[in-house]
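# structure of the sequence below:
(chains A and B)
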Amino acid sequence: MREQNGFQETPAVRKRQRIESIAKLALAAGTVAMLLPLVGIVAFLVIKAAPVLSLDFLLKPPVNGMRAGGVWPAFLGTVYLVLTSLAVATPIGVLSAVYLNEYARESWLTRIVNLAVVNLAGIPSIVHALFGLGAFVAFAGIGRSILAASLTLAVMTMPVIIASTKEALASVPYSFREACWNCGASRWQTIRHVVLPNSISGILTGVIFQVSRTAGETAPIMFTGAVFYKSLPQGDLFAYGLFDQCMALSMHLFTISTQVPGVPDSVSYGTAVVLLGSVLGVNALAIAFRIYLRTRKKW
Amino acid sequence: MVTGIAASAKDLSINYGAKRVLQEVTFEVAENEIFAIIGPAQSGKTSLLRVWNRTLEFAPDARWTGDATILGQSVRSLSSVYELRRTVGMVAPLPVGLPLSVFDNVAFAPRMAGSRRGADLANHVENCLRQAALWDEVKDRLHELGTKLSGGQQQRLAIARALSHDPKILCLDEFSIAIDPVTTMRIEDILVGLANRMTIILVTNLTQQARRIAHRTMFLLNGHFIECGPTERIFSDSPERRETFEYVRGAFG
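Okay, the predicted model is just below:
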């Protein structure tokens, strides 16, 4: 009978099945172990912050020595810092990435530049903070301001934008470029009409992901433009000027949790929820954008 | 029919870094002929085409010495490399539809050069697609993506794109390796028709393809020139060189 049936479960097969289920279980367990703290942190924060969470908390300035009220000046400051730094880092980063990926020939110089970009992305933010203090605040004479802090953040995010932009450009097959060159298109025409239209989504997604990184940083802005407290006219979206100092969510969280005695837990946790919520919101937008663009992939 | 020299190479050598892929090759391609270059892989055939349209310079470590001419002009000392590439149409081994609409694929080169627009451009696109025997299949889907066509259709789209800039010389680099035999035969017929108006240089691994349509055939082996002559002689029982006889009989390669 056994010889007639080729699909018998031999001991060797049973052993493979056993190992298969163990492997699957171990990998799934790893995934759960990764998810648990993430979900736990978010849930913990939201529960602790529940007493203060309301639209007023977002839109009102802190009162009573920052022990009550909202986070509006800090939230607006973070928005200013993020937008200004990306306005500087994005054009420079994208231009240099296009040059490095599309024009620069392979040589010892470009290899060093590429290596520098990778290493620059790994520099601790406190080092960027000191660089910003020296270069922008002191040497360039900008003084502690939104501009100086944004430039510092821009220097920090630029290498990452260069890396993600290069990746997006490299995802456009080389054969498209060759086909364009073969029919007499210049390099720039090829970039403008074929490479950029098909990588712009990846480039933008990379930039949007930098929003969350910029919003979360404390060290680079602490020395260069962020302050403990600043009173703003309520509801004014243009309350800060480029050369003003500002509050920022990350800095505010640091201040009220370590520097001010007697701040209720709910206010600290509420600040954390606002920071986390805006970051996750922007990231979700980037992810939705990426998924949408994947559905209309052109090859 | 033969009036002049369309393309030539003189003592042409090509190196990638320290590796030499073509060794002092000298030959001429006459106008309006179908000229086949055969030989096993790694014979320097593709690199040779890339010297003529000056795209070899996109390969960072590639260098070439000797001389190469197109329509009597040395390609090394040209004022407009873009015009050179418009004169030398190039079709790659793997079909490449640009991620543009079928129409825009063929309209790309005229638009980049600013040479045609409006109704003139539309007529030209139709004309090129007809010459590439693709018009009837795509005339109702000109605004669909070129990348969504089948492999054989994309290869004919690539030919239409190469024709769109009115080349004097059309180079095809193993155009049939990714498409079916029926489409291959159709394209071979197209090429025979086009040879009335332009020079066709056909790099191919399929010796029988050279035998079917080429007027003259050149055999390269490991970067060395072996033999060049009328196709009948190359495929006869008595070519000049024994290697040629063995290669076209399938003894190696």
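# skipping adjacent residues, who's closest to A:Thr110 in space?
A:Ala104 (4.5 Å; C-beta to C-beta, 6 or more residues apart in numbering or on different chains). (Glycine included, C-beta is placed from N, CA and C.)
# so where do the strands sit in the chain?
I went with chain A, as the question did not name one. Secondary structure of chain A (DSSP state E): strands located at A:62-63, A:68-69.
# wrong one, I was asking about chain B
Under DSSP E, chain B gives strands at B:5-16, B:19-30, B:34-38, B:62-70, B:73-74, B:88-91, B:169-173, B:199-204, B:216-221, B:224-230.
# wait, which of those strands is closest to A:Ile200?
Of all those, strand B:88-91 sits nearest to A:Ile200, with 27.6 Å by C-beta to C-beta.
# check contacts around the residue nearest to B:Asn205 when sequence neighbours are not counted.
Closest residue to B:Asn205 apart from its sequence neighbours, by C-beta to C-beta, 6+ apart: B:Glu174 at 5.8 Å. Counting by C-beta atoms under 8 Å, 6 or more residues apart in numbering or on different chains, B:Glu174 makes contact with B:Thr46, B:Pro93, B:Val203, B:Thr204, B:Asn205.
# wait, the second one touches B:Leu172, no?
No: under the criterion of C-beta atoms under 8 Å, B:Pro93 lies out of contact with B:Leu172, with a separation of 9.0 Å.
# neighbour-wise, which of those two wins?
Using other C-beta atoms under 10 Å in any protein chain shown as the criterion, B:Pro93 and B:Leu172 rank with B:Leu172 on top: 25 against 17.
# name the residues linked to that one by a beta bridge.
Beta-bridge pairing for B:Leu172 (DSSP bridges): B:Val91, B:Leu202.
# buried deepest among the strands of chain A, which one?
strand A:62-63 (a mean of 18; mean count of other C-beta atoms under 10 Å in any protein chain shown).
# for that strand, give me every contacting residue.
By C-beta under 8 Å, 6+ apart, strand A:62-63 touches A:Ala68, A:Gly69, A:Gly70, A:Val71, A:Pro73, A:Ala74, A:Tyr229, A:His252.
# repeat the analysis, applying 10 Å as the threshold.
The list of residues contacting strand A:62-63 from outside it, by C-beta atoms under 10 Å, 6 or more residues apart in numbering or on different chains, reads A:68-74, A:229-231, A:247, A:252, A:255-256, A:260, A:263, A:267, A:271.
# adjacent strands (with direction) for that strand?
strand A:68-69 (antiparallel).
# hang on, the earlier thing: gap between the residue nearest to B:Asn205 and B:Arg111?
Computed as C-beta to C-beta, to the nearest Å, the B:Glu174 to B:Arg111 distance reads 28 Å.
# near chain A, which residues of the stretch 101-250 of chain B are found?
Within the stretch 101-250 of chain B, the residues that sit near chain A (C-beta under 10 Å from any C-beta of the partner chain) are B:104-106, B:108-113, B:115, B:145-148, B:158, B:161-165, B:167, B:171.
# next, the distance between the ends of stretch A:212-221.
With C-alpha to C-alpha, to the nearest Å as the measure, stretch A:212-221 spans 15 Å from end to end.
# in stretch B:116-124, which residues are buried?
Using 16 or more other C-beta atoms under 10 Å in any protein chain shown as the test for burial, stretch B:116-124 gives B:Arg116, B:Leu121, B:His124.
# my bad, stretch A:211-221
Applying 16+ other C-beta under 10 Å to stretch A:211-221 flags A:Val211, A:Ser212, A:Thr214, A:Ala215, A:Glu217, A:Thr218, A:Ala219, A:Pro220, A:Ile221 as buried.
# when you check chain B, which of the residues you listed turn up near it?
Of these, not one also sits near chain B (C-beta under 10 Å from any C-beta).
# report the two of those separated the most.
Taking C-beta to C-beta as the measure, the buried residues of stretch A:211-221 span a maximum distance of 17.7 Å, between A:Val211 and A:Ala219.
# quick one: buried residues of stretch B:175-190?
Buried residues in stretch B:175-190 (16+ other C-beta under 10 Å): B:Phe175, B:Ser176, B:Ile179, B:Thr183, B:Thr184, B:Arg186, B:Ile187, B:Glu188, B:Ile190.
# list the contacts for the third one?
So that's B:Ile179. Per C-beta under 10 Å, 6+ apart, neighbours of B:Ile179: B:Leu94, B:Pro95, B:Ser150, B:Gly151, B:Gly152, B:Gln153, B:Gln154, B:Gln155, B:Arg156, B:Arg186, B:Ile187.
# max pairwise distance over those: which two?
With distance counted by C-beta to C-beta, no two of those lie farther apart than B:Leu94 and B:Arg186, which are 18.2 Å apart.
# what's the least confident helix or strand in chain B by mean pLDDT packed up against?
Counting by mean pLDDT, DSSP states H and E, the weakest-scoring helix or strand in chain B turns out to be helix B:242-248, with a mean of 91. In this structure, helix B:242-248 makes packing contacts with strand B:34-38, helix B:207-213, strand B:216-221, strand B:224-230, helix B:231-234, judged by 3 or more C-beta pairs under 10 Å, 6 or more residues apart in numbering or on different chains; DSSP states H and E.
# coming back round to it: what's the burial count for the residue nearest to A:Thr110?
A:Ala104 has 16 nearby residues by other C-beta under 10 Å.
# quick check on it: phi, psi?
Dihedral pair for A:Ala104: phi -60, psi 130, per degrees, to the nearest 10.
# pretty sure it contacts A:Asn114?
Yes: look at A:Ala104 against A:Asn114 with C-beta atoms under 10 Å: they come within range, at 8.7 Å.
# common neighbours of the two, please.
By C-beta under 10 Å, 6+ apart, no residue touches both A:Ala104 and A:Asn114.
# can you pull the contacts of the residue most central in space within chain B?
When C-alpha atoms, centre = their mean is applied to chain B, the residue found nearest the centroid is B:Cys171 (1.5 Å). Listed by C-beta under 10 Å, 6+ apart, the contact set of B:Cys171 reads A:182, B:7, B:29, B:35, B:37, B:46, B:48-50, B:52-53, B:88-92, B:162, B:199-203.
# nothing else from me, thank you.
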